[in-house]
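Visitor: give me the fold of what follows.
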Amino acid sequence: MSRNFKCTFCENYYSTLNGLSQHLKRCKQTFYSSTEESNEEVSEIISDINDMSLDSEEFQSVLEGLPSSSKTRENPSQDLYEFEECEEYDGDISLISQPNIIQDSEMFEEILNFEEPENPELIEEVLQSQSNEELRNSEFFEERFRSIEESEIEEPEIEEPEIEINEFPNEAYADLMTLVTKHNLNNKASNAIIKFFNKHSNVSVSPLPKNIVVGRRYMDKMNSRLSYHKHSILSHNNVEYFIHYCPIVNCIENLLSNPEITKHFAYDYEDLTFEGEKSYGEQFTGNWWKSVNASIPSVAKVLSIILYSDATTLDTLGKSSLHPIYISLGNIPTWRRNKEDAKQLLGYLPIISAKDETEKKSSEFKILVRKTFHNSIKFLLEPLFENASIDLKIDGKRIWFYPRISTVICDWPEACTFSLTYKSSNSNYPCHFCLVSKDNLANTCLRKNQAVLRNKENMKKYYDNDTTKEASLEPVYNYFWDIPDLNIYDATVPDRMHHLDLGLYHYQIEFTKELLSKSSIDKFNRRIAEIPRHPGLKIFAGGLQSIARLTANEFRDLMKVMVFVVDNLHNKDLSEVYVKWNEMYLLSRLETFKESDLKIFQKAIDDWTNLFIKLFRNISGLKFPKLHSWKYHIIDTIRKYGAINGYTTETYESLHKTYVKIPYRLSNKRDVETQIMKMIRRRAIILQKQMEKKYKTSVPLNYTSKLFDFKFSEASEFCEKQKNNSNLNEKMRKGFTQFFNHLKLDFSKIISTDTQIKIFGSVTLNNSTFLRATNKYYDNPWFSNIAVIMNTDELSNYQSDSGTCYAQTLLVTQIVLPNKSLHLALVQWYDFKSQNTPFVYGCPWLELVEKYNFIEIEAIEEIVHIVPRFDKKNEYFLDFSKIISTDTQIKIFGSVTLNNSTFLRATNKYYDNPWFSNIAVIMNTDELSNYQSDSGTCYAQTLLVTQIVLPNKSLHLALVQWYDFKSQNTPFVYGCPWLELVEKYNFIEIEAIEEIVHIVPRFDKKNEYFVNKYIF
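Guide: Take a look at the predicted model:
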């Protein structure tokens, strides 16, 4: 039998072309059983699109992105569309047009040498068009068929693009790929969108790719700051293991290319003092940074490298895993570093498999795993440390950095892998910080010689002397010993989430349940189920049957209520251990620690530790390395690396979703790392394009009436002169009084002595209105009042009018930088005259306060009319409204969203349960004499949520019933206000509500409540 025709995907041979053709149709579907998977169904996608009106702004914005050569069809019915009925079809789904028309998208695809995906029937046409010799050549057939199949399936290899492309063919193409990438759509759903667009767009030639695979391949050819590679690191049991990675310098450059990051970037050590005390907040205020800064040239800067590593499962069964490692920079402030775009995937470390259980348990295999880990880390980091320093470009300037690894953020087992200490808590010296014996882990009175700190000098001696067992140290050379200014044993910082949330608090609840009797356990679970609702707080409706699978968030929810659950269940110590825990935990979340705060924090840790050991020693031996390291090492860590918020894994864990879980679900489960790397690179391209679009050069603002022009080097002297200039209006003089200090504070890092500064009398805003700050406009001064919509993360600092704050313009300024200009207004802010009565006559009632800022002119929402309150000093109204009349409409609602995005509820039925929110209101000083308050705050329960509709404005009111303190002599129990509901009722303005609070009934008592002070 002739065996000339071999299947491309299996070992079968066929003697006839027809037999091979029929086999290939079946075999390729089996082989590529799933190209990409998604939780999005095509029917849902089509339904969403069908709901979109063709006249809507969303659809029109796509049409506006069409290339200029596209033409509207005169007779749409004459056009021919060719769609396959098969839902899995990934072939050419583009609009079929006249052959002589060439459009932009086709030209770009031609550049990439893409062949059009073809129908299975084309196989026969190809076969029939070739000579007999070619048909008998199986290699020719395999190559031809692969060219067809490769246009439908993701290629498994990562290849550098042969032709580099910077832009998408057109805006519609870009919008499609952004939509598909952002929402993680699979091929089937993405092609459905293309089909829908081509059917309804009313254009002669589609601007979109022929199918989504073509679009993805096009993106793979586009320029990106990130390039991914793989490197063979080990061959074991005839299996080759690779690191899939992005060069570390590329990762850093990608982070520094984001203007949202670099504008907050720290370059120098900050000797932070607060209230006259040495303080620690950001990493660059810690002693580590101070020490490194002193060891490098004075003109160079420290580049702080933060590593985060954690293996994670890919599927729900946990059969497959990846080991990602991420990088961030300690120069980025904590609040900004907590955002996802301030972290970058560095690569995936190999996970070595043992051939059987015997090998897996062998010491040789464990040593091999440790060696491979450190060899992999060395491969990833070595390019950064080949030279002592590195030049990096930030905002167009080259800056000289000395890179240093500051902290490694990970859980306890991973920290042991980095430090190469034994992982078992039963080892002789289980702490990776120090040489404390396992018998002293619960000893609260250790002497210094009982816990000698580890460092690279003393640990290397054990290694050199081949006595690593004596220090519970793996017999492997630690790569981190070679990195300057790094002690890997304390750089693997305690992580609050794993140390406390998932560690010690888990044990505390577990031991509490063992301590309670059967009847108390039932009451314990019933109380947990009866905790009142509160926004963001999880309610455990079935009690706490099992804690084995609780997440860190769920443990944090339990922290907020357990004080009230265990009240009078056992003894006073049980309630007190939860109070002590919360006091300690809340202190751990401080953003800045003064030296006095550290003493208070250490005492809180000691108080909780002593009570924890006293209560639970008989239940467990309490040989927990985390208990020891938290008591003895966390305070020194704060002094060295700054506040704990800067090195907790809480914000890093979510990276697994972006960089592992979702991409894995979208892959075809083969050569996973390669496919994930491609997806991440495409996402990076989309983010890069969005950032470029956001920061592209805007239309120049139209300034008029230039008043002053000077250089930054002259600014101090110039402002000093003008603030005493009697020819200027007092508002302008006030502006010059504030100008220089705020200029230095906000812009000293980007301006130089030669920077040109111009001050104008007015500027035209984007809405064509004039912003004025002039001493003389038709012989009168005019200083515009403005409205600014605040960011949600800023609203907590201000009382606002539905998210809007008001200010008066003092100076209109242009700062001319080499590559751009800053358009700024120096403003003085208004605040509400009364927090309890923010509105009078339906208008914001304001006063000017001594707060000044530069704001970007582009951020101004509108010019507003602010009127002084006559015969009053420093009182103003924004606009006027009529007061209520007989025709006034009154509406009652079940809920309303407050300025801080929480819900105020007053409803009889929310998921079959009533929900009447409890609130905190800050009282005016002249009202406080009438109430006993919690440091000026009173509490109430919402009964009704009301809107009163006036002709020009609405009043937003809540009818409330007030709480009062249960006892004037004992107003606080467990550190919480102890309250009762009283027969006092009021309407209050919803805008005056400070926050929604969680008030918990005291179980087994009548009309007794606690304000939950442990919500964080």
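Visitor: buried residues, the helix or strand in which Lys188 is found. List them.
Guide: Per DSSP states H and E, Lys188 falls inside helix 187-200. Using 16 or more other CB atoms under 10 Å as the test for burial, helix 187-200 gives Asn187, Lys188, Ala189, Ser190, Asn191, Ala192, Ile193, Ile194, Lys195, Phe196, Phe197, Asn198. In short, each C-beta sits where N, CA and C put it, glycine included.
Visitor: save those residues as JSON lines, and put in pLDDT and distance to Val452 too.
Guide: Converted to JSON lines, the buried residues of helix 187-200 look like this (pLDDT from 0 to 100; distance: CB to CB, whole Å):
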{"residue": "Asn187", "pLDDT": "89", "distance to Val452": "59"}
{"residue": "Lys188", "pLDDT": "91", "distance to Val452": "61"}
{"residue": "Ala189", "pLDDT": "92", "distance to Val452": "60"}
{"residue": "Ser190", "pLDDT": "93", "distance to Val452": "60"}
{"residue": "Asn191", "pLDDT": "94", "distance to Val452": "64"}
{"residue": "Ala192", "pLDDT": "94", "distance to Val452": "65"}
{"residue": "Ile193", "pLDDT": "93", "distance to Val452": "64"}
{"residue": "Ile194", "pLDDT": "93", "distance to Val452": "66"}
{"residue": "Lys195", "pLDDT": "93", "distance to Val452": "70"}
{"residue": "Phe196", "pLDDT": "93", "distance to Val452": "69"}
{"residue": "Phe197", "pLDDT": "92", "distance to Val452": "69"}
{"residue": "Asn198", "pLDDT": "91", "distance to Val452": "72"}
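Visitor: ok, the residues you listed vs Ile600, which is closest?
Guide: Ala189 (54.9 Å; CB to CB).
Visitor: and the helix holding Lys188, how far out from the chain middle?
Guide: Chain-centre distance of helix 187-200: 31 Å, with CA atoms, centre = their mean, to the nearest Å.
Visitor: with stretch 901-911 instead?
Guide: On CA atoms, centre = their mean, the centre of stretch 901-911 falls 28 Å from that of its chain.
Visitor: and the strands in the stretch 301-450 of the chain, which stretches?
Guide: 301-309, 312-313, 321-329, 344-349, 390-394, 397-409 (DSSP state E, counting those that start in this stretch).
Visitor: and the second one, what does it pack against?
Guide: Using 3 or more CB pairs under 8 Å, 6 or more residues apart in numbering; DSSP states H and E, the elements in contact with strand 312-313 are strand 321-329.
Visitor: so which bits of the strand it packs on are buried?
Guide: Leu322, His323, Pro324, Ile325, Tyr326, Ile327, Ser328, Leu329.
Visitor: quick one: contacts for the fourth one?
Guide: Contact partners of Ile325, counting by CB atoms under 8 Å, 6 or more residues apart in numbering, are Leu307, Tyr308, Ser309, Leu345, Leu346, Gly347, Tyr348, Leu349, Ile377, Leu380.
Visitor: same deal with the second one?
Guide: Applying CB under 8 Å, 6+ apart to His323 gives the contacts Ser309, Asp310, Ala311, Thr312, Tyr348, Leu349, Pro350, Ile351.
Visitor: look up how far Leu979 lies from the second one.
Guide: Put plainly, it is Asp310. To Leu979, Asp310 is 43 Å away according to CB to CB, to the nearest Å.
Visitor: compare these two (neighbour count), which wins?
Guide: Leu979 (23 against 20; other CB atoms under 10 Å).
Visitor: I figured that one hits Trp962, correct?
Guide: No: using CB atoms under 8 Å, Leu979 is not in contact with Trp962, being 9.6 Å away.
Visitor: could you find the closest non-adjacent residue to Cys416?
Guide: In this structure, Cys416 finds its nearest non-sequential neighbour in Lys423, 4.5 Å apart by CB to CB, 6 or more residues apart in numbering.
Visitor: hang on, I meant Leu558
Guide: Ile509 (6.8 Å).
Visitor: could you do Thr651 as well?
Guide: Asn338 (4.3 Å).
Visitor: number of nearby residues for that neighbour?
Guide: By other CB under 10 Å, neighbour count at Asn338 equals 18.
Visitor: give the contact list for the residue nearest to Cys416.
Guide: Contacts of Lys423 by CB under 8 Å, 6+ apart are Trp412, Pro413, Cys416, Thr417.
Visitor: buried ones among those residues?
Guide: Trp412, Cys416, Thr417.
Visitor: closest to Ile233 out of the buried residues of helix 187-200?
Guide: Asn187 (32.6 Å).
Visitor: please parse this structure into its domains.
Guide: Segmentation of the chain into domains, based on the TED database, reads 1-25, 171-221, 229-411+486-493+648-691, 421-475, 506-634, 702-878, 889-1011.
Visitor: what are the buried residues along stretch 350-367?
Guide: So for stretch 350-367, counting by 16+ other CB under 10 Å, buried means Pro350, Ile352, Ala354, Phe365.
Visitor: please read the previous query as pertaining to stretch 667-682.
Guide: 667-668, 671-682.
Visitor: was I right about Thr658 contacting Lys343?
Guide: No: counting by CB under 8 Å, Thr658 stays clear of Lys343, with 9.4 Å between them.
Visitor: any residues in contact with both of these two?
Guide: Contacts common to Thr658 and Lys343, judged by CB under 8 Å, 6+ apart, are absent.
Visitor: so those two - more neighbours on which side?
Guide: Lys343 (24 against 16).
Visitor: ok, the closest residue in space to the more buried one that isn't next to it in sequence - contacts?
Guide: Excluding the flanking residues, the one nearest Lys343 by CB to CB, 6+ apart is Ser328, at 4.6 Å. Taking CB under 8 Å, 6+ apart as the contact definition, Ser328 lies against Leu255, Ile306, Tyr308, Arg337, Ala342, Lys343, Gln344.
Visitor: straight-line length of stretch 436-443, end to end?
Guide: 10 Å (CA to CA, to the nearest Å).
Visitor: would you check how far apart Phe524 and Glu514 are?
Guide: From Phe524 to Glu514 the distance is 12 Å (CB to CB).
Visitor: looking at these two, which is more packed in?
Guide: Using other CB under 10 Å, the more surrounded residue of Phe524 and Glu514 is Phe524, with 21 against 12.
Visitor: that one should be in a helix, yeah?
Guide: Yes: when DSSP: H, G, I helix; E, B strand; the rest coil is applied, Phe524 is found to be in a helix.
Visitor: at the geometric centre of this structure, which residue do we find?
Guide: Lys339 (3.0 Å; CA atoms, centre = their mean).
Visitor: OK, contacts around that one?
Guide: Applying CB under 8 Å, 6+ apart, no residues contact Lys339.
Visitor: since we're on the residue nearest to Phe385 when sequence neighbours are not counted, how many residues are nearby?
Guide: Residue nearest to Phe385 in three dimensions, not counting chain neighbours: Ile483, with 6.4 Å by CB to CB, 6+ apart. Using other CB under 10 Å, Ile483 has 21 other residues around it.
Visitor: contacts only, for Ile483.
Guide: Leu381, Phe385, Arg404, Ile405.
Visitor: residue ranges with poor pLDDT in this structure?
Guide: 1-164, 318, 694-700, 791-802, 841-842, 879-886, 924-931, 951-953 (pLDDT under 70).
Visitor: nearest to Asn237, of the contacts of Ser328?
Guide: Tyr308 (29.8 Å).
Visitor: out of the contacts of Lys423, list just those in helices.
Guide: Trp412, Pro413, Cys416, Thr417 (DSSP state H).
Visitor: can you put those residues in CSV and add distance to Asn487?
Guide: Listed next are those as CSV, based on distance: CB to CB, whole Å:
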residue, distance to Asn487
Trp412, 18
Pro413, 20
Cys416, 15
Thr417, 16
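Visitor: between those, which is nearest Ser762?
Guide: Using CB to CB, the ones in helices among the contacts of Lys423 come closest to Ser762 at Trp412, 61.8 Å.
Visitor: what about the closest one, distance to Ile686?
Guide: Taking CB to CB, one finds Trp412 at 36 Å from Ile686.
Visitor: likewise Ala529?
Guide: 45 Å.
Visitor: likewise for Ala552?
Guide: The value you get for Ala552 to Ile686, if CB to CB is used, is 30 Å.
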